[in-house]
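Visitor: Got a sequence here, can you model it:
(2 chains)
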There are 2 protein chains.
Amino acid sequence: MQIAKFTVGEAGEREVLRRVLAQLSPAEASLVGPGDDCAVIAADGDLVVTTDSMIEGPDFLLRWHSGFELGWKLAAVNLSDVAAMGATPTGLTVALACPKDTQVELLEQIALGLSAACRELAPGCGVVGGDLSTAPVLTATVTAFGSMRGRAPVLRSGAMPDDIVAYVGDLGLAGIGLSRLYAEGHALEELKARSPAALEAQLAPRPPVALGVAAAEAGASAMMDVSDGLSLDAARLASASGVTLDFSSELLQAAFGDQRGQSVTVYEMLTGGEDHGLLATFPADVRLPAGFVVIGAVRDPRADEPVHLDGAPFEPRGWDPFVSAPGAPTR
Amino acid sequence: MQIAKFTVGEAGEREVLRRVLAQLSPAEASLVGPGDDCAVIAADGDLVVTTDSMIEGPDFLLRWHSGFELGWKLAAVNLSDVAAMGATPTGLTVALACPKDTQVELLEQIALGLSAACRELAPGCGVVGGDLSTAPVLTATVTAFGSMRGRAPVLRSGAMPDDIVAYVGDLGLAGIGLSRLYAEGHALEELKARSPAALEAQLAPRPPVALGVAAAEAGASAMMDVSDGLSLDAARLASASGVTLDFSSELLQAAFGDQRGQSVTVYEMLTGGEDHGLLATFPADVRLPAGFVVIGAVRDPRADEPVHLDGAPFEPRGWDPFVSAPGAPTR
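Guide: Purely as a prediction, here's the structure:
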């Protein structure tokens, strides 16, 4: 593959677009692809839509993320939100803004990563349109669509007392990866060799996208993508449902204490962030889809105690972009 | 209305979200609104989708744009793209990123502007979901959806020789507004009083969104939103259709030489940018929807001459974000 070695300012919008579009694989549902005022996607049940931005500085650093990994992660985190409704991802739009001296190659690599993640995590889905503009730092916003295909969406609000609490995906790994990067990111290749699972989970997560539909079909009563930390997101699901979620440290430890050779503590599982696994509740008699693991139970609501660990209140902790972002900028 | 006087860093994500969501009016088609992993929108024909970013610096300056105007413009420019397909706008998602010391009030005003533009330009459409994060400068990406409601989309590629070329909307005004702002923006209120039409067109454009469906129903053969300058966008439509568009300076001057008291030259009309009107071609025997004005004719293709003015080649000129952005940043 021939890769451009010049900047977007030298290339101009038309040439940048041509090169970026060449790296994208089409979406199956696409009726009109990039190049018109809008993309057109075949309708197949109610539309599900979500959007997420990643901004150089607070959300990623180019000295850690390759363009390919960044594109992969952009697609993955949005596909995971679509999956969490029990929907099938059908398309993405991508708004990219970057400084004029950005290498065109970086944008091509982002496009390759976007396409690869769609192909591997949500076959049939692809980039249907986008926007290019300039910004002081690399700024990417992906909006993902999915189709309910006649099913009802699985909301956060449906959990019932005595339901089981289940999870599928990496848990705590991405948070460990981020801590390692801040501490030892100056020696990136050595770090990757020493902590491959945590680094992969942080740089190019692999959310279990296909299991969203499987959970919906199995009868999940509530579901969400865990992106800000299991305990913080569980508190949101618990509040929406009017219940308390009680996690079991024994079940968590047994299922997630060792993930691909990386040991993870229960505290890291509950507070890590950027997991992009699926937290779901199911009636107790349901046969869980393969991959989901029971990690707790839904209890009657306790006032101001949305999350318990082993029956005792656990203060929800995780990511708040306006408070926790390391180096979150001020003007 | 009570407006917050504190920063997003002081408020935290949850409180910012609560305040911003309170300013939004719902979309009619919304089945699941903000607060879950995704929004869900009722399907009603094939889905149309477009995305556009506006970034503080290259795309707007807060010393010129109020929060309300910025929100309005964000909605308007995306609604215009939906209209240009002949679709009915049904929803927007909004990804906002800002420095931690941004006033919560600014985000509330942006939300008010988004809602007002939807209400006035595309009744029934509204914000269905979004994302909040941090960035070194205010960064907003809107993705807009529309429904084809059983119609076929009007593409850029359908213009035929002998079709008429028509336009509806402001033309050249927004470009004049931008030039005035760069020259005299230090005295904003005086400038607004002296050049109200040009300033309004630049700061809070009013694209003729409803006329997109009207043009489709009347039988438009091709259509597009004019956002980068009439001649540059016309060249794109001409290339997609394999024709040449021939504008008439006499027709342009007669229809757009005076717009709400602002005189506009034919050159300004052809090169201005950010017009967000609709350029459409129609078979010659069509009765144009009210508002559209004939400004030229479609000709047999001339190699390398996509745009003519009065029968002679006119070099397409307009906006390239990587080349023309005034003060477009480098790293």
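
Visitor: count of neighbours near A:Asp258?
Guide: 12 (other CB atoms under 10 Å in any protein chain shown). Bear in mind the C-beta positions are built from the backbone N, C-alpha and C, glycine included.

Visitor: Sorry, slip of the keys, the one I care about is A:Pro26.
Guide: Residues near A:Pro26, counting by other CB under 10 Å: 15.

Visitor: quick check, A:Arg19 in a helix?
Guide: Yes. Assessed with DSSP: H, G, I helix; E, B strand; the rest coil, A:Arg19 lies in a helix.

Visitor: That one touches A:Leu106, doesn't it?
Guide: No. Using CB atoms under 8 Å, A:Arg19 makes no contact with A:Leu106, being 11.1 Å away.

Visitor: ok, these two, which is more surrounded?
Guide: A:Leu106 (22 against 19).

Visitor: Got phi/psi on A:Glu56?
Guide: phi -60, psi 130 (degrees, to the nearest 10).

Visitor: ok, what's across the strand from it?
Guide: Partner residues in beta bridges with A:Glu56, using DSSP bridges, are A:Phe60.

Visitor: and A:Met54, how far is that from A:Arg180?
Guide: Distance, A:Met54 to A:Arg180, using CB to CB, to the nearest Å: 19 Å.

Visitor: Check A:Ala159 too.
Guide: 34 Å.

Visitor: Also A:Thr265?
Guide: From A:Thr265 to A:Arg180 the distance is 14 Å (CB to CB).

Visitor: Same check on A:Val286?
Guide: A:Val286 is 37 Å from A:Arg180, by CB to CB.

Visitor: repeat for A:Leu107
Guide: Distance from A:Leu107 to A:Arg180, by CB to CB: 28 Å.

Visitor: Looking at these two, which has the bigger crowd around it?
Guide: Ranked by neighbour count (other CB under 10 Å), A:Leu107 and A:Arg180 place A:Leu107 first, with 25 against 17.

Visitor: Give me the buried stretch members for the helix or strand containing that one, please.
Guide: Assigned by DSSP states H and E, A:Leu107 falls within helix A:104-121. Neighbour counts over helix A:104-121 (16 or more other CB atoms under 10 Å in any protein chain shown) mark A:104, A:106-118, A:121 as buried.

Visitor: now stretch A:244-258
Guide: Those would be A:Thr244, A:Leu245, A:Asp246, A:Phe247, A:Ser248, A:Ser249, A:Leu251, A:Leu252, A:Ala255, A:Phe256, A:Gly257, for stretch A:244-258 by 16+ other CB under 10 Å.

Visitor: Over to stretch A:175-185?
Guide: A:Gly175, A:Ile176, A:Gly177, A:Leu178, A:Arg180, A:Leu181.

Visitor: Now intersect those residues with the helices, please.
Guide: A:Gly175, A:Ile176, A:Gly177, A:Leu178, A:Arg180, A:Leu181 (DSSP state H).

Visitor: Distance to A:Asp46 and pLDDT for the residues you listed - can I get that in JSON lines?
Guide: Shown next, in JSON lines, are these (distance: CB to CB, whole Å; pLDDT from 0 to 100):
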{"residue": "A:Gly175", "distance to A:Asp46": "34", "pLDDT": "96"}
{"residue": "A:Ile176", "distance to A:Asp46": "38", "pLDDT": "97"}
{"residue": "A:Gly177", "distance to A:Asp46": "36", "pLDDT": "97"}
{"residue": "A:Leu178", "distance to A:Asp46": "35", "pLDDT": "95"}
{"residue": "A:Arg180", "distance to A:Asp46": "41", "pLDDT": "96"}
{"residue": "A:Leu181", "distance to A:Asp46": "39", "pLDDT": "96"}
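
Visitor: Low-confidence bits of chain A, can you list those?
Guide: Counting by pLDDT under 70, chain A shows low-confidence ranges at A:1-4, A:321-331.

Visitor: for it, what spans make up the helices?
Guide: Under DSSP H, chain A gives helices at A:8-21, A:67-83, A:104-121, A:173-184, A:188-194, A:196-203, A:210-218, A:230-241, A:249-256, A:266-271.

Visitor: In TSV: those helices, plus distance to B:Val168.
Guide: Formatted as TSV, the helices of chain A follow (distance: least, CB to CB, whole Å):
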stretch	distance to B:Val168
helix A:8-21	26
helix A:67-83	35
helix A:104-121	35
helix A:173-184	50
helix A:188-194	54
helix A:196-203	48
helix A:210-218	43
helix A:230-241	45
helix A:249-256	59
helix A:266-271	55
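
Visitor: With distance to chain B as new columns, can the ones you listed be given to me in CSV?
Guide: Listed next are those as CSV, based on distance: least, CB to the nearest CB, whole Å:
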stretch, distance to chain B
helix A:8-21, 5
helix A:67-83, 4
helix A:104-121, 10
helix A:173-184, 15
helix A:188-194, 20
helix A:196-203, 17
helix A:210-218, 9
helix A:230-241, 7
helix A:249-256, 21
helix A:266-271, 16
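
Visitor: residues contacting the residue lying closest to A:Pro161 once chain neighbours are set aside?
Guide: Nearest residue to A:Pro161, sequence neighbours excluded (CB to CB, 6 or more residues apart in numbering or on different chains): A:Asp300, at 4.9 Å. With contacts defined as CB atoms under 8 Å, 6 or more residues apart in numbering or on different chains, A:Asp300 is in contact with A:Pro161, A:Val243, A:Thr244.

Visitor: Any idea how many residues pack against the spatially closest residue to the last one that is not a sequence neighbour?
Guide: To tie it back to what came earlier, the one meant is A:Thr244. Leaving aside its sequence neighbours, A:Thr244 sits nearest to A:Arg299 (CB to CB, 6+ apart; 4.5 Å). Neighbour count for A:Arg299, taken as other CB under 10 Å: 18.

Visitor: any idea how far A:Arg299 lies from A:Ala238?
Guide: Distance from A:Arg299 to A:Ala238, by CB to CB: 9 Å.

Visitor: Mutual contacts of those two, please.
Guide: Counting by CB under 8 Å, 6+ apart, the residues touching both A:Arg299 and A:Ala238 are A:Thr244, A:Leu245.

Visitor: can you map out the strands along the stretch 201-331 of chain A?
Guide: For the stretch 201-331 of chain A, the strands defined by DSSP state E, counting those that start in this stretch occupy A:222-226, A:244-247, A:258-259, A:262-263, A:277-282, A:293-299, A:307-309, A:312-313.
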